[in-house]
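Q: Next one to model:
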Amino acid sequence: MTSPHPSPIILGLDSPEATLERVGGKGASLARMVRAGLPVPPGFHITTGAYRRFVDENHLGERIQSAAAQGQGDDPATLDRASAQIQLLFSEGTVPDDIAAAIRCSYSGLGVDAPVAVRSSATAEDLPDMSFAGQLESYLNVRGGDAVIDAVKRCWASLWTGRAIGYRKRQGIRADEVSMAVVVQRLVAAESAGVLFTANPVTGARDELMINAAWGLGEAIVSGRVTPDTMVIDKQTGTMKSREISSKEIMTVRLSDGTREEPVPAAMRKQAALTPEQAAELARLGIEIERLYGQPMDIEWAQCDGQIFIVQARPVTALPEPRAALEWKVSRAGARYFRQSVAELLPEPLSPLFATLALPAWNDATRRVLAQVIDPQRFSFPLVTIHDYL
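A: Numbering: from 1, shown residues only. Next comes the predicted model:
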């Protein structure tokens, strides 16, 4: 776990030294966007050097390796047992005094008891061929130096969740090849938040953007607890090709410390979480980010007082190739044909992202089509759910 090249403990968010090896995939991406002048909330990196110091000075390296080796990539029970052993090691470890002092000092620069997001950033995360999305921990609305340090320790430990250990084993990544940085950023008091894809993740169309938006912080969308509004925008003209406003029942809100999910007020549930003007600005930023990276991007955003902030950007993984519209041929007069199973059309296993974004739209479209040709009083239309395919 040790590195032959000493690493600084703290780096500014825009530091040119914020490389993948020092600040992980998420941190390196944020640094790149800040240097490009994009609207990223202020913050700082806690580098992989701090993680390695914590592991070394608490004599955890060999014990981590031994526990991780017991997990089998195809056996969740063994992975969970290995993770539990490692989590205990981290909880009992002590952050070196100089690292704790550096974190407190950098945190104080964001304001007195400023609410911050403390987010994991692994060196094998947010890469074009490996996302690690949803496997590492983030903590929102953290306040106070001691609380930030505790959240940093928990982020470090999340490198060793059962899911993360299993994913790395299946990808052929050795346990001693990964390290963890942490990004601390001032929390955006989001009125709405969501995800922007600079290519259509459902059809694979590279000339379209897809925006998902919901009320409050973005965690309700990421967790799949809310069906967001969905907008599809033509990249070339900026024309909104489609706009579906969902009934948004749940939102993630800030408390004095931490967050919780609350019901959306009834008057807001079917109200658009983004105005057309805000969607147009978000689309402009998405195109700028795609040009910066030279490839389709998956972007997390938040909106406060009409201003859009970018909180994460990573390459889109497993984007389908654009497909021509299906041509249906009727073999006899009056016949009607349709496909009920998503799996017949998509050869790859469905991802949680697809299930969150596409299945609600798929179900809605299927209902509308079938209602035109089948008496809804005589037949019910089964829904496709994530559990059918994952």
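
Q: All the strands of the stretch 101-250 of the chain, residue numbers only.
A: 116-122, 138-142, 180-186, 192-197, 208-215, 229-234, 240-244, 250-254 (DSSP state E, counting those that start in this stretch).

Q: Which one of the ones you listed lies nearest to Ala28?
A: strand 116-122 (7.9 Å; Cβ to Cβ). Where C-beta positions appear, they are placed from N, C-alpha and C, glycine not excepted.

Q: Walk me through which strands the closest one pairs with, and which way each runs.
A: strand 138-142 (antiparallel), strand 180-186 (antiparallel) (DSSP bridges).

Q: Kindly reformat these as CSV containing mean neighbour count, mean pLDDT and distance to Ala67.
A: Output for these, formatted as CSV (neighbours: other Cβ atoms under 10 Å; pLDDT from 0 to 100; distance: least, Cβ to Cβ, whole Å):
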stretch, mean neighbour count, mean pLDDT, distance to Ala67
strand 138-142, 21, 93, 24
strand 180-186, 27, 97, 16
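
Q: can you list the domains in this structure?
A: Domain segmentation of the chain under automatic domain parsing yields 10-186, 192-315, 342-388.

Q: Kindly report which one of those carries the lowest mean pLDDT.
A: For the domains of the chain, the weakest mean pLDDT is recorded on domain 342-388, namely a mean of 52.

Q: Dump the strands of the stretch 101-250 of the chain to CSV, plus distance to Asp98.
A: CSV is the format used below for the strands of the stretch 101-250 of the chain (distance: least, Cβ to Cβ, whole Å):
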stretch, distance to Asp98
strand 116-122, 19
strand 138-142, 21
strand 180-186, 16
strand 192-197, 36
strand 208-215, 41
strand 229-234, 47
strand 240-244, 52
strand 250-254, 32
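
Q: Glu300 is nearest to which of those?
A: Nearest to Glu300 among the strands of the stretch 101-250 of the chain is strand 192-197 (5.8 Å), distances taken as Cβ to Cβ.

Q: re the thing from before, want to throw the domains of the chain into a markdown table with distance to Glu321?
A: Listed next are the domains of the chain as a markdown table, based on distance: least, Cβ to Cβ, whole Å:
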| stretch | distance to Glu321 |
| --- | --- |
| domain 10-186 | 16 |
| domain 192-315 | 5 |
| domain 342-388 | 11 |
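
Q: how near is Ile211 to Gly111?
A: 30 Å (Cβ to Cβ, to the nearest Å).

Q: So for these two, which residue has more residues nearby?
A: Ile211 (25 against 11; other Cβ atoms under 10 Å).

Q: Pairing-wise in the sheet, spell out the partners of the more buried one.
A: With DSSP bridges as the rule, Ile211 is bridged to Leu196, Met231.

Q: any idea how far it is from Thr230?
A: When Ile211 is compared with Thr230 (using Cβ to Cβ), they lie 7 Å apart.

Q: need the contact list for the residue lying closest to Ser256 once chain neighbours are set aside.
A: Of all residues not flanking Ser256 in the chain, Arg143 sits nearest, at 7.9 Å (Cβ to Cβ, 6 or more residues apart in numbering). By Cβ atoms under 8 Å, 6 or more residues apart in numbering, Arg143 lies in contact with Asp113, Ala114, Pro115, Val116, Ser256, Asp257.

Q: Name the member of those residues with the most neighbours.
A: Counting by other Cβ under 10 Å, top hit in the contacts of Arg143: Val116 with 27 neighbours.

Q: any idea how far stretch 231-245 is from the chain center?
A: Computed by Cα atoms, centre = their mean, to the nearest Å, the separation of stretch 231-245 from the middle of its chain amounts to 22 Å.

Q: nearest spatial neighbour of Glu219, skipping sequence neighbours?
A: With Cβ to Cβ, 6+ apart, the residue lying closest to Glu219 is Thr252, at 4.3 Å.

Q: what bridges to that neighbour?
A: Where Thr252 sits in a bridge, its partners, by DSSP bridges, are Gly216, Glu261.

Q: Look up how far Arg260 lies from Cys304.
A: 19 Å.

Q: ugh, wrong one, I meant Ser7
A: Going from Ser7 to Arg260 by Cβ to Cβ gives 36 Å.

Q: Lys169 now?
A: Distance from Lys169 to Arg260, by Cβ to Cβ: 34 Å.

Q: Burial check on the nearest residue to Leu217 once chain neighbours are set aside, number of neighbours?
A: Counting by Cβ to Cβ, 6+ apart, Leu217 lies nearest to Thr252, which is 4.1 Å off, once chain neighbours are set aside. Neighbourhood size, Thr252 [other Cβ under 10 Å]: 24.

Q: do Lys169 as well
A: 18.

Q: right, and it touches Asp75 too?
A: No - when contacts are counted by Cβ atoms under 8 Å, Lys169 is not listed as touching Asp75 (10.2 Å).
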